[in-house]
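>>> Kindly generate the corresponding structure for this input.
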Amino acid sequence: MNNFEYIFKYNSRKPKKRNRLGLENKKVICKIYYSSFGAGVINQVIDFVNSLNPILKGFPIVFEFCKKIALTDKLSYILFECICYYLIEKGYIVYVHMRCFDNIQTRGIKCAPLNLLSVGDCAKFEKKFKFEIYGNHFCKLITQEHASDPAYLSYLYGDIDNFLRNVGVNDDSSKTELSQTISELIGNAIEHTKSDCYIDIDIATGYYKLDSNSNLDKSSMYHGINIVILNLSDNLLNSDLKNKIRNNKDVQDRYKRLRDAYVYHKNFFGSDYSEDDFFNIAVFQNKISGSSSINKMTCGGTGLTCLINSLQEKSDSDNCYVLSGSNIIYFIKEYLSYNEDWIGFNKSNDFFNDIPEKKVIDKSEMFFSGTAYNLNFVMKSEDNNE
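Just a heads-up that it's a prediction; the model follows:
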């Protein structure tokens, strides 16, 4: 998986006085005491990997979760899985001893390749991580070799569409929107970053709501559609667009209007709302491309935001965000409506005279050199027997 060393390079911190790395029974042990699996766990694991001495390569690595841990979202455990894959590619034998609480958005852990590392089966883990389409799970490592085939995205779209149909996503519009959303995100990663891309999809089935008396309401069943797409690159989500607007004086058409918005928004840049946040939002505007070509007027983010909004409208609940660098943008459906072909990401629905809502923007405790999407949709099943 190319460029994955960036996650360690850009999160290099001074070693703590108390380093939870020990050698026990000829194994290198990383003990994790967190009760919630989020950025804190990932940062500890990164620090652990950065502290590894090459002379320890002959010893198995054990990630030992000392408490039963609650998964915060799908992206967190997928990132951990990627780190394990990186270590195995570097020649380490890896074990993961973990018990966890899951929910409809993180049920995919039950079928994750990570489970194979409970017994240190690194060979099967590698194979399953690179590609699996089985039951309610689909994952694939998409390399630049795959991307060199001009028809590859069409093949991938077909694979995803067939997978969704086979696992019971029978609503044709939802199935098409999901396939299009995933294909567009992968296409953008391949085109703009020239890096490998990883995708993981799981479908969580058999869930019911609680009624007012905290009893299961079995009149309607719900399923979760959980997606992670990520790539590692020096080229962040907004890098090309930021350079385009800041360094080119002769921008035209919609880019000129975007520059007008930038002039307004930069008056509000500070610790809570930064220039990077502005350009991350700008990437998802209609006919604004992140491509380095100043005259390239592609569909930009319009397809993605429209598709996500449409899926959210059909969902009972959702958790959708993008992480790039240390910046997070949440896709919240009430702030994704178009006003004169622009999205405000705010209550006023005004991109030019108002800044995004505070709940749209967040900061990550770790720096992710690349772009990662976490997309969760909880939908009502059309048929309890499907």
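
>>> Contacts only, for Lys175.
Asp161, Leu164, Arg165, Val169 (CB atoms under 8 Å, 6 or more residues apart in numbering). C-beta here means a position set from N, CA and C on the backbone, and glycine is covered the same way.

>>> Helix, strand or coil: sort out it for me.
What DSSP: H, G, I helix; E, B strand; the rest coil gives for Lys175 is helix.

>>> coming back round to it: just the buried ones from the contacts of Lys175, in PyMOL syntax?
Applying 16 or more other CB atoms under 10 Å to the contacts of Lys175 leaves a buried subset, and the PyMOL line that selects it is:
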select buried, resi 161+164+169
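
>>> Next step: the contacts of Lys175 restricted to strands.
Using DSSP state E, no member of the contacts of Lys175 sits in strands.

>>> ok, so of the contacts of Lys175, who is nearest Ile227?
Comparing these against Ile227 with CB to CB places Leu164 closest, at 10.6 Å.

>>> now the helices for the stretch 201-350 of the chain?
Assigned by DSSP state H, counting those that start in this stretch, the helices in the stretch 201-350 of the chain fall at 239-247, 254-265, 275-282, 302-313.

>>> Distance to Glu145 added to the ones you listed, as TSV?
Listed next are these as TSV, based on distance: least, CB to CB, whole Å:
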stretch	distance to Glu145
helix 239-247	24
helix 254-265	34
helix 275-282	30
helix 302-313	25
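
>>> what are the ranges of the strands in the stretch 1-150 of the chain?
Counting by DSSP state E, counting those that start in this stretch, the stretch 1-150 of the chain has strands at residues 21-24, 27-32, 36-37, 61-65, 69-71, 94-97, 100-101, 131-134, 137-142.

>>> what about the first one, average pLDDT?
For strand 21-24, mean pLDDT is 66.

>>> cool, the fourth one as well?
In this model, strand 61-65 has a mean pLDDT of 97.

>>> i'd like the first residue to be 847 from this point on
In the new numbering, first residue 847, that becomes strand 907-911.

>>> the inter-axis angle of it versus strand 873-878?
Interaxial angle of strand 907-911 relative to strand 873-878 (axes from the mean of the first three to the mean of the last three CA atoms, to 10 degrees): 30 degrees.

>>> list the helices and strands strand 907-911 packs on?
strand 873-878, strand 940-943 (3 or more CB pairs under 8 Å, 6 or more residues apart in numbering; DSSP states H and E).

>>> Which one of those strands lies nearest to Tyr1176?
Nearest to Tyr1176, of the helices and strands packed on strand 907-911 and by CB to CB, is strand 873-878 at 26.9 Å.

>>> Show me what the closest one is in contact with.
With CB under 8 Å, 6+ apart, strand 873-878 has contacts from 866-869, 887, 890-891, 894, 898, 902, 905-912, 915, 941.

>>> Could I have the buried ones of the residues you listed as PyMOL selection syntax?
The PyMOL selection below is limited to those of those classed as buried (16+ other CB under 10 Å):
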select buried, resi 866+867+887+890+891+894+898+905+906+907+908+909+910+911+915+941
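
>>> For stretch 1003-1012, list every residue counted as buried.
Buried residues in stretch 1003-1012 (16+ other CB under 10 Å): Tyr1003, Ile1006, Asp1007, Phe1009, Leu1010.

>>> ok, now which ones touch the first one?
Contacts for Tyr1003 were tallied using CB under 8 Å, 6+ apart; they are Ser1025, Gln1026, Ser1029.

>>> wouldn't the first one be in contact with Asn1008 here?
In other words, Ser1025. No. Judged on CB atoms under 8 Å, Ser1025 makes no contact with Asn1008 at a distance of 9.3 Å.

>>> hmm, back to that, check the contacts of Tyr1003 against Asn849 and report the nearest one.
Ser1029 (21.6 Å).

>>> any idea which helix or strand carries that closest one?
helix 1018-1039 (DSSP states H and E).

>>> could you say what helices and strands the strand ranked longest in the chain packs with?
In the chain, with assignment by DSSP E, the single longest strand is strand 1207-1226. Packing partners of strand 1207-1226 (3+ CB pairs under 8 Å, 6+ apart): helix 852-855, helix 885-897, helix 920-935, helix 1018-1039, strand 1062-1078, helix 1148-1159, strand 1161-1176.

>>> Pull out the buried residues from the shortest one.
Residues of helix 852-855 classed as buried by neighbour count (16+ other CB under 10 Å): Tyr852, Ile853, Phe854.

>>> residues contacting the first one?
Contacts for Tyr852 (CB under 8 Å, 6+ apart) come out as Leu1078, Ser1079, Asp1080, Ser1215, Gly1216.

>>> In CSV, list those along with neighbour count and pLDDT.
Formatted as CSV, the contacts of Tyr852 follow (neighbours: other CB atoms under 10 Å; pLDDT from 0 to 100):
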residue, neighbour count, pLDDT
Leu1078, 25, 93
Ser1079, 21, 91
Asp1080, 13, 89
Ser1215, 22, 94
Gly1216, 25, 94
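
>>> Sort out which one of those residues lies nearest Gln951 for me.
Gly1216 (22.1 Å).

>>> If the closest one is in a bridge, with which residues?
Leu1078 (DSSP bridges).
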